[in-house]
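S.K.: this one's sequence-less:
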């Protein structure tokens, strides 16, 4: 038997239940059932070709595979700054100008957030976050010893933020930051310009860092564009100056270019903050792969020349979303499912359920419609409040419109079948997730 | 002015003085002086071609750039396990057998160590390390909140470990591990089989983790091979079983294949430890680049088929070392410079000096021999004990034998000139490093 002792913090790093479903899906597929895997958290569209071309070129032509600058390669930081300024110009909005020295490169947004938390927060510090939120945040905050504190939002209210005075009630002397994710994983909600202004106002008033996770910025499905944290204008020079010292934007190439495996992210903030964060980067991973930085710079260059990749991806997800929402309306009329504006997920609430994970397991292990079934992600993992989200699921828009429609139809049939099953007294218990 | 507040731990993450020298070298070169840059910490030999070929193939043929398994891709972990078992078989030594489930992939050894510390140690825990040691360890331990505690070794004794009873005196109730680096950066010393056995005995006796940083395992310059931690045999089943629960080997593709920029490292330990460490990996960076794992697997495959790359690199460094040691004997007869057996550095001690960093700056800013000078790394950064190592330098074997010889000759001339300069009453002060 193993009797080693681990650090106390390991108690807070529990394996993700999302990954457990992936394992079950494999087993079920091995038994010959077709599974529409809507539990996946990874876009399925092909990566932007410019990345692979640049990586292949670098790998073929450069015999040196060298350490890089701690803060990231200058050409990539410059290109990213150009991309972000161009984003504002495209929208024709006023904004804080981004220079190369504001940008640091990280191992994806995951590492970016981990390093931001390590650079800013002491053990016991509190960071406000709106639930439902990306479950991995719980892990990224652990090395810093800080704690997340969840402020609820509701499916019935399309996950809108509560008013300023409600948010302020969550602030204690230990609160040091607010973390927002727009568009949001899992619910696909945008934070409106008004909501971003409100959060900025609260941050300036209470001297809190305003951490904005914008990895889905380019993955939008409607006509509206995402409000970046650097667009906030508090209409007052003093407040805007104070805000500059508090804003941190986290971004990544993963979702924008379908490059989840490239592990290249960005931190954008006032130079002093960026320098500190990159200091944590160098003390956790030394530096970031030169090959991948080169490839990702080519991807940003490509969309600066010709944004058609973004347009194509948006059209793909918009079509899937529209088909999915129509199917939900048709087949699951009792479900509450706010229309997502970005990212590539839909949260679906079944008000009549107590625990949706049992239904999820039923679909995988006890149900099929013509040999087919569906895998979904129970949403409780995206909530911290005890009991919250237990009757919600997240489905990912990772299949074509026809398959999304078929999946919803299967889910509706499974729902009826599940209700019947629960009524039958002699039924086997359903394995817990 | 920026008035943000950072985490307290940032006080322990000071920018590396080694990087400052790099900046000064650039300035001096811009002024037209030729600089033999022996301060560099990166091998200059070309990367193994199998890496670039595989990366180019993957980048060209695979349109998906996907998230990977948290613990690392199975093909890479399997290949690495084969490599390590083959290492033991090549040497014909008995060893703990390595399975795929013992291996996790990390973002280089830097991230490997950071994750090991986070998985094992609580704030205030102590980790013993032998000085001089790789200065970046100070940073990698910071996120965990643990502290390094240095046990001195001496240039005059070829940096041999002190006896068991001396090491044991450093153990307190807070001590949780011993960290050893063989061959060692900066001093190039091997830990002998006897030293490794002794450390293992101490670890078992006091229930300490035995963390062995073996990134220079394949970079050896003599006929002797490195003793891997998994070769230790305590000649007693109970002790060997206990040891299995304590041993952690950290490795990397960076030095073995001149792939510093690939950022692929490994943790090898009992499955239970490997799983915990990979859990920290996923909570700090999510996962490791698929493209780079693919390339590095090809590199290990290549040396398993044909180890000529290792042989070629070893011959290159051996020739440089031999030329350097001969030149030191000839030009710097008063220096103490133990012959390095591995890695690619030499520590040179000038017993007559108080602070070698002044001499280093003198060489760069006030001296030249026919328009040429030398950059070195003052060794004080590799020590924790106050005042230790101040009259030592590290030079890296990053130039050909003739250029290494020329560099030592310049250093000797600079030494005489510096002594004269210090005697002259009106001399300008030398800028501090």
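M.R.: Nice, thanks for sending it over. The model shown is predicted, which means the values in this text are computed figures rather than measured ones. Residues are numbered from 1 along each chain as shown, chains lettered A, B, ... in the order given.

S.K.: Residue A:421 against residue A:429, yeah?
M.R.: No: the pair residue A:421 / residue A:429 is not scored as a contact, 10.8 Å apart, by C-beta atoms under 8 Å. C-beta: built from backbone N, CA, C; applies to glycine.

S.K.: Just want to know which of those two has more residues nearby.
M.R.: Between residue A:421 and residue A:429, residue A:421 has the larger neighbour count (other C-beta atoms under 10 Å in any protein chain shown), namely 16 against 6.

S.K.: Need the three-state assignment for that one.
M.R.: helix (DSSP: H, G, I helix; E, B strand; the rest coil).

S.K.: Next up, the contacts around it.
M.R.: A:362, A:366, A:427 (C-beta atoms under 8 Å, 6 or more residues apart in numbering or on different chains).

S.K.: what's the helix or strand harbouring residue A:238 packed up against?
M.R.: Per DSSP states H and E, residue A:238 falls inside helix A:237-244. Applying 3 or more C-beta pairs under 8 Å, 6 or more residues apart in numbering or on different chains; DSSP states H and E, one finds that helix A:237-244 contacts helix A:193-206.

S.K.: packing partners for the helix it packs on?
M.R.: Against helix A:193-206 (3+ C-beta pairs under 8 Å, 6+ apart) you get helix A:164-168, strand A:175-181, strand A:209-213, helix A:237-244.

S.K.: now stretch A:223-234: mean pLDDT?
M.R.: Averaging pLDDT along stretch A:223-234 gives 95.

S.K.: how about it: buried residues?
M.R.: Residues A:225-233 are the ones in stretch A:223-234 that count as buried (16 or more other C-beta atoms under 10 Å in any protein chain shown).

S.K.: Also stretch A:34-45?
M.R.: Those would be A:35-41, A:43-45, for stretch A:34-45 by 16+ other C-beta under 10 Å.

S.K.: for stretch A:20-29, same thing?
M.R.: The neighbour-count check on stretch A:20-29 (16+ other C-beta under 10 Å) flags A:21, A:24-25, A:28 as buried.

S.K.: Stretch A:329-337 too?
M.R.: Using 16+ other C-beta under 10 Å as the test for burial, stretch A:329-337 gives A:331-332, A:335-337.

S.K.: before we move on, back to that, narrow the buried residues of stretch A:20-29 to those in helices?
M.R.: Within the buried residues of stretch A:20-29, membership in helices is found for A:21, A:24-25, A:28, as judged by DSSP state H.

S.K.: which regions of the stretch 1-150 of chain A sit below the pLDDT cut-off?
M.R.: A:1-4, A:17 (pLDDT under 70).

S.K.: let's see it at 90
M.R.: The stretch 1-150 of chain A contains residues with pLDDT under 90 at A:1-5, A:12-23, A:40-44, A:62-64, A:94.

S.K.: Phi, psi for residue A:251 please.
M.R.: In this entry, residue A:251 is assigned phi and psi values of phi -140, psi 180 (degrees, to the nearest 10).

S.K.: That one - nearest residue in space that isn't next to it in sequence?
M.R.: Using C-beta to C-beta, 6 or more residues apart in numbering or on different chains and skipping residues adjacent in sequence, the residue nearest residue A:251 is residue A:266, 4.5 Å away.

S.K.: same deal with residue A:295?
M.R.: Going by C-beta to C-beta, 6+ apart, residue A:295 has residue A:55 as its nearest residue, at 3.9 Å.

S.K.: Work out for me the element the one you found sits within.
M.R.: Residue A:55 is part of helix A:49-61, with elements assigned from DSSP H and E.

S.K.: Mind listing residues that contact the helix or strand following that helix?
M.R.: Note on helix A:49-61: by DSSP H and E, the next helix or strand toward the C-terminus is helix A:74-91. Contacting residues not belonging to helix A:74-91 are listed as A:71, A:94-95, A:97-100, A:102-105, A:217, A:225, A:228, A:230-231, A:251, A:264, A:266, A:268, A:293-294, A:296-297, A:300-301, A:303-304 [C-beta under 8 Å, 6+ apart].

S.K.: Next: stretch A:300-317.
M.R.: A:43, A:45, A:48, A:50, A:76, A:79-80, A:82-83, A:86, A:218-221, A:253, A:256-258, A:344, A:397.

S.K.: picking up where we left off before, may I see the helices and strands packed on helix A:193-206 arranged in JSON lines, with mean neighbour count and mean pLDDT as well?
M.R.: Output for these, formatted as JSON lines (neighbours: other C-beta atoms under 10 Å in any protein chain shown; pLDDT from 0 to 100):
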{"stretch": "helix A:164-168", "mean neighbour count": "12", "mean pLDDT": "98"}
{"stretch": "strand A:175-181", "mean neighbour count": "23", "mean pLDDT": "98"}
{"stretch": "strand A:209-213", "mean neighbour count": "26", "mean pLDDT": "98"}
{"stretch": "helix A:237-244", "mean neighbour count": "14", "mean pLDDT": "96"}
